[in-house]
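Participant: fold the following, please.
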Amino acid sequence: MGPHQEWHVSCRDVAGRRQDMSVFVNHGRVVIVSPPGETAVLSPLEVGRLRAALRDAVVSAAE
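Facilitator: Sure thing, here's the model as predicted:
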């Protein structure tokens, strides 16, 4: 597996506070970390960024 890669996606929690979600690869599996104890609320643009991060992570995990 290549170097450790991690992607960050901005979002908001239910109260509207800015948060971040993280996407990374661990032992060939894609891991998504959302704001602790919160629900992530994403705009359409943020969903596109999450999609791109997941795509990149899957490609990295497959290597």
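Participant: what sits up against the helix or strand containing residue 48?
Facilitator: Under the criterion of DSSP states H and E, residue 48 resides in helix 44-62. Helix 44-62 is contacted from outside by 1-2, 5, 7-11, 21, 23-25, 28-30, 32, 42, using Cβ atoms under 8 Å, 6 or more residues apart in numbering. Any C-beta I mention is one placed from the backbone N, CA and C, and that applies to glycine too.
Participant: strand partners (parallel or antiparallel) of the longest strand along the chain?
Facilitator: When the chain is parsed with DSSP state E, its longest strand is strand 18-26. Strands that pair with strand 18-26, judged by DSSP bridges, come out as strand 6-12 (antiparallel), strand 29-33 (antiparallel).
Participant: out of those, deepest packed?
Facilitator: Mean neighbour count (mean count of other Cβ atoms under 10 Å) peaks for strand 6-12 among the strands paired with strand 18-26, with a mean of 17.
Participant: one step back: so for the helix holding residue 48, mean pLDDT?
Facilitator: For helix 44-62, mean pLDDT is 93.
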